[in-house]
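[1] Compute the structure for the input listed below.
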Amino acid sequence: MNELTPMMRQYQEIKAECPGALLFFRLGDFYEMFGADAIEASKILEIALTSRNKKDENPVPLCGIPYHAVENYLAKLTKAGKRVAICEQVSDPTLPGIVKRKIVRIVTPGTTTSEQILKNKVNRFVMSLYVKKDYFGMAFCDLSTGEFQTAEFQGTEDLRVELLRLAPAELVLARDQYDDPVVRGAVAELSEVTVSPCDFREEAQRLLTRHLKVTTLDIFGVANQPFAIQASGILLRYLLDTQKEALPHISRIDAYRRDDFMSLDEATIRNLELTTAHDSLLSILDETETSMGGRLLRRWLLQPLLKPEDIEKRHRAVEDFVNKDDLRHSIKGELNLLSDLERLIGRLSGASGGARDLVGLAHSLARVPVIQIFLRDASPAEPGLPFPLLKHIEKQLRPLDSLVSLIQSAILENPALRLTDGGLIKPGFHPALDELHALMKDARTSLKNIEAQEIATTGINSLKVGFNRVFGYFIEVSKVNLHKVPDTYIRKQTLANAERFITPELKEYEEKVLTAEQRAVVLEFELFQNIRNEALEHMVAIKQNAAALAQLDVLLSFAQTALRRKYSKPRLTKEPVLEITAGRHPVVESMSFEQSFIPNDTHFAKDNSELALITGPNMSGKSTYLRQTALIVLMAQIGSFVPAEELHFRPVDRIFTRVGANDNLVRGQSTFMVEMQESATILANATDRSLIILDEVGRGTSTYDGLSLAWAIFEHLHDEVRGFTLFATHYHELIELAEKLPRAKNYSIDVEETAKGVLFLHQIREGGIDKSYGIEVARLAGLPAKLIERAGSILENLEAEKALSTKKIPENQLDLFASRAKLGRLTHPALERLKTLNVDAMTPLDALNALSELKRIKE
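    Numbering: from 1, shown residues only. This is a model prediction of the structure:
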């Protein structure tokens, strides 16, 4: 350490403050990285790696980036999962001695607010976890908006669901839980999450109450939730440590209970392709006008409602928009003018907020009273019905006319990007600033006069008076005219074809102008700060407006989608039924360009038809039908209209799906193991109010194993669970089972056999079908004709053998799971002789003799 230069000693000391992070060390107009940081960063950023003191025996690796391009490079590093500490110069570099430096923020994958990283309609969450045996406290925050939520729950399955739903970019753990195997196991399945440690040694409740400026956390709904409080404390400490600022936009904690909403498990979110795929349900439903609305729609989609009154409120609001064209068009036009209020206030509360954010804020807030006026045309409250949601939103909106007026009178419509360049404040807003601008304007006139005067005095017509940020004001004379330069000119700079000079008069002018410019820039920045602080005083109201407008946007999006795609309003009932008339798959129908989508009905009723066994060939549409039923119910419970002529139903408590074949290589699980685990989750958690979708259970193992399991699961669902179930299968043996069970029905996908082959009609009909038409599907897929012919021949032989063997099967063949006691009562002379044998005492010769005897008895 003693051999290092003072600057490198300073670097080493600061580097020790941020273990695990790359250090951007400010040196003039560059951020430099040294040693291992330089080697790692140069590879990721694809920049040149050099070294400091190249002639030394051990030169220090070095790379650097220009300060004005720092955001581009930070984006690349955070995308790569890296944490970057930004170290700035905090003292005047012209003063003697080493420049003082300190870390001003640490940019991490979950806390970045870079516009190159953030997606307009997607939250970027940093999440913390606190683990206590099988209990979890969880908190998550989108730093760009200030949204901060917390919850606690039990079980690793719930943890996986929340990780999948929120998809955090970064997970923060207290250092003493950093290597917790339970958390690490769950996180291993997330390919794009960075896990970061946090040194948390303080009392969580005290930290939270101090930051939120409250005396108790009960007002946020976290009373008696110690794990949630602990997780929130860990996350807040991490944010304060990395951002190095007060974070005033994190002004509340929103606690929620996972049972406030329908819980969608990992398999259901994946199997129904709600948000991740390009052709997802989200892509169909998202006609939002604002980024705020887009983010809220994603949240609603993953948190369907359970309470009928809440669902009906949303349906009535959507219906209002559907039925009232003027209201819909007016609100749509106003929402289209809004900026992202949530992220605007987030930027303004931090170091990245600029004057253009204030302009955007004023423009958006100016639309609030206009939207309120339009909402007066929404349907009024009616006796016996819940208070209309659109009227509730109207009451939630808070016009801020005084703030809008202040910003519009003060800030230029197109202000400078950099706050240190001036060009922020309108003329007439501040008298002292106007005086400085007048002085600068007069000085510019004087500059032209000086130039004209010098041309007249010297006779040099090409003489110019100019300004350079490095050298200040100057008189420029070409080299061919240097002989005309007076002795009073003082040489300032030499160029290739000219010389630059200064005069006492120009020097006096320079000091006058520069002083005025500097004072104006400082004053404009102070005025901007005052206006920004005034805006932050209204942060709660601004956030309330943002939340209300986002809600309005999603409801309008539902209406737009309903009209464009001909969706209908669901009808809720207290009766335990699920009746879908002419239902359609919302995504598949949008891609059915060549032919129209074939709609299908679904009918469930308690104590009558609770299980539907679906048989039919591949490619006939079984999986589409199963998924569309689940999607229609889910859409209804988020408040959307649905792709059906009619939906009449009682809301379900859960939607479970077991669809498709998936290996889980991360967990080291085979397709069949994943299938069985998903089935086990359904059987353990489904209730008689659940909707259950099962597709081809048991196909990942041998035929008889698979049939046995599918049979047993079907019986268990019928006898024990009794939730509404769609059960698709290729095991035609189950058709007879469904016929014998009182609350089960057989359905199949209709197929028409023609001279040219098989025609799949994609229509659900009552009754089972005992053909799979697999060879016809193979023919359609283009397999060689010779192979198809051979397969047909083999099939005929196998079916003949099966027909022969089934003649020997007794009538009670449906009882595949006879008990051991029942088997023990079976009698036969060979069995009786077998019971008398002592296998352990037999020699090989004895065994052969016994086998011969048993064979004779059997014959």
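[2] Not counting residues beside it along the chain, what's closest to S91?
    With CB to CB, 6 or more residues apart in numbering as the criterion, S91 has its nearest non-adjacent residue at 3.9 Å, and that residue is K100. C-beta here means a position set from N, CA and C on the backbone, and glycine is covered the same way.
[3] Touching, that neighbour and V90? I think so.
    Yes - if you go by CB atoms under 8 Å, K100 and V90 touch, sitting 5.1 Å apart.
[4] Name all residues that sit in contact with those two at the same time.
    Counting by CB atoms under 8 Å, 6 or more residues apart in numbering, no residue touches both K100 and V90.
[5] and stretch 260-279, which residues are buried?
    Using 16 or more other CB atoms under 10 Å as the test for burial, stretch 260-279 gives 261-275.
[6] List just the nearest of the residues you listed to Q10.
    Nearest to Q10 among the buried residues of stretch 260-279 is T275, at 47.2 Å by CB to CB.
[7] three-state assignment of the closest one?
    coil (DSSP: H, G, I helix; E, B strand; the rest coil).
[8] What pLDDT does the model give it?
    T275 carries a pLDDT score of 91 in this model.
[9] And K835, by the same measure?
    K835 carries a pLDDT value of 65.
[10] For stretch 566-586, measure first residue to last.
    From its first residue to its last, stretch 566-586 covers 11 Å (CA to CA, to the nearest Å).
[11] same thing with stretch 170-187?
    OK, stretch 170-187 end separation, CA to CA: 10 Å.
[12] which outside residues touch it?
    Stretch 170-187 is contacted by residues 108-111, 126-131, 156, 159-160, 163, 193-200, 234-235, 238, 667 when judged by CB under 8 Å, 6+ apart.
[13] Helices of the stretch 701-850 of the chain, residue ranges please.
    Ranges of helices in the stretch 701-850 of the chain, per DSSP state H, counting those that start in this stretch, are 703-716, 734-740, 774-781, 785-806, 820-824, 829-836, 844-858.
[14] Least confident of these, on average?
    Least confident of the helices of the stretch 701-850 of the chain, judged by mean pLDDT, is helix 820-824 with a mean of 43.
[15] The residue lying closest to T494 once chain neighbours are set aside pairs with what?
    Nearest residue to T494, sequence neighbours excluded (CB to CB, 6+ apart): R500, at 7.6 Å. R500 forms beta bridges with E476, Q493, as assigned by DSSP bridges.
[16] any idea how far R500 lies from V465?
    10 Å (CB to CB, to the nearest Å).
[17] For the stretch 51-200 of the chain, give me the ranges with low pLDDT.
    For the stretch 51-200 of the chain, the stretches with pLDDT under 70 are 189-191.
[18] switch the cut-off to 80
    53-57, 94, 182-192 (pLDDT under 80).
[19] picking that back up, since we're on the residue nearest to T494, how many residues are nearby?
    Neighbour count of R500, defined by other CB atoms under 10 Å: 19.
[20] Surely it and V470 touch.
    No - using CB under 8 Å as the test, R500 is too far from V470 to be in contact (11.2 Å).
[21] where do the strands sit along the stretch 451-600 of the chain?
    464-468, 472-478, 490-494, 498-502, 571-572, 577-583, 600-605 (DSSP state E, counting those that start in this stretch).
[22] between those strands, which one is nearest to R376?
    That would be, of the strands of the stretch 451-600 of the chain and by CB to CB, strand 571-572, which comes in at 27.5 Å.
[23] partner strands of the closest one, parallel or antiparallel?
    strand 646-649 (parallel).
[24] Report the mean confidence score over the strand it pairs with.
    On average, strand 646-649 scores 98.
[25] re the thing from before, show me whatever sits in contact with both of R500 and V465.
    Here R500 and V465 have F474, I475, E476 as joint contacts, going by CB under 8 Å, 6+ apart.
[26] so the second one touches R500, yeah?
    Yes - with contact defined as CB under 8 Å, I475 and R500 form a contacting pair (6.8 Å).
[27] Let's see which of the contacts of stretch 170-187 end up in strands.
    V126, M127, S128, L129, Y130, V131, T194, V195, S196, P197, C198 (DSSP state E).
[28] what about the nearest residue to the first one once chain neighbours are set aside, neighbour count?
    Just to be clear, that refers to V126. Excluding the flanking residues, the one nearest V126 by CB to CB, 6+ apart is G110, at 2.9 Å. Close neighbours of G110, defined as other CB under 10 Å, add up to 27.
[29] now G110: how far from I345?
    For G110, the distance to I345 equals 20 Å [CB to CB].
[30] OK, contacts around the closest residue to L780 other than its chain neighbours?
    Sequence neighbours aside, M619 is the residue nearest to L780 in space, at 7.2 Å (criterion: CB to CB, 6+ apart). By CB under 8 Å, 6+ apart, the contact list for M619 reads F760, V777, L780.
[31] Checking the nearest residue to the first one once chain neighbours are set aside next. Helix, strand or coil?
    What that stands for is F760. Excluding the flanking residues, the one nearest F760 by CB to CB, 6+ apart is S620, at 4.6 Å. Counting by three-state DSSP, the backbone at S620 sits in coil.
[32] show me the residues around S620 that make contact.
    For S620, the contacting residues are I749, V751, F760, H762, Y773, by CB under 8 Å, 6+ apart.
[33] Can you pick out the most distant pair from the residues you listed?
    Farthest apart among the contacts of S620 by CB to CB are H762 and Y773. That separation is 13.5 Å.
[34] Which helix runs longest in the protein?
    When the chain is scanned for its longest helix (criterion: DSSP state H), the result is helix 504-537.
[35] packing partners for that one?
    For helix 504-537, the packing partners by 3 or more CB pairs under 8 Å, 6 or more residues apart in numbering; DSSP states H and E come out as helix 341-348, helix 355-365, helix 401-410, helix 431-458, strand 472-478.
[36] and these, which one is worst for confidence?
    Of all those, mean pLDDT reaches its minimum on helix 431-458 (a mean of 88).
[37] what domains does the record give for the chain?
    6-107, 126-260, 286-378+540-565, 431-532, 571-806, 827-858 (automatic domain parsing).
[38] So in terms of bridging, what pairs with E752?
    L759.
[39] gap between it and K15?
    Counting by CB to CB - E752 and K15 are separated by 75 Å.
[40] which residue sits closest to G422, ignoring its sequence neighbours?
    V521 (4.5 Å).
[41] What pLDDT does the model give that neighbour?
    pLDDT for V521: 94.
[42] show me the residues around it that make contact.
    T420, D421, G422.
[43] Surely the last one is in contact with A520?
    Yes - distance between G422 and A520: 5.8 Å, which falls inside the contact criterion (CB under 8 Å).
[44] Sketch out the strands for the stretch 101-250 of the chain, chain order is fine.
    Applying DSSP E, counting those that start in this stretch to the stretch 101-250 of the chain gives strands spanning 101-107, 126-132, 135-142, 147-154, 170-174, 194-198.
[45] Redo these as TSV? Include mean neighbour count and distance to T561.
    Conversion of these to TSV gives the following (neighbours: other CB atoms under 10 Å; distance: least, CB to CB, whole Å):
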stretch	mean neighbour count	distance to T561
strand 101-107	19	38
strand 126-132	24	31
strand 135-142	25	26
strand 147-154	22	25
strand 170-174	25	33
strand 194-198	19	36
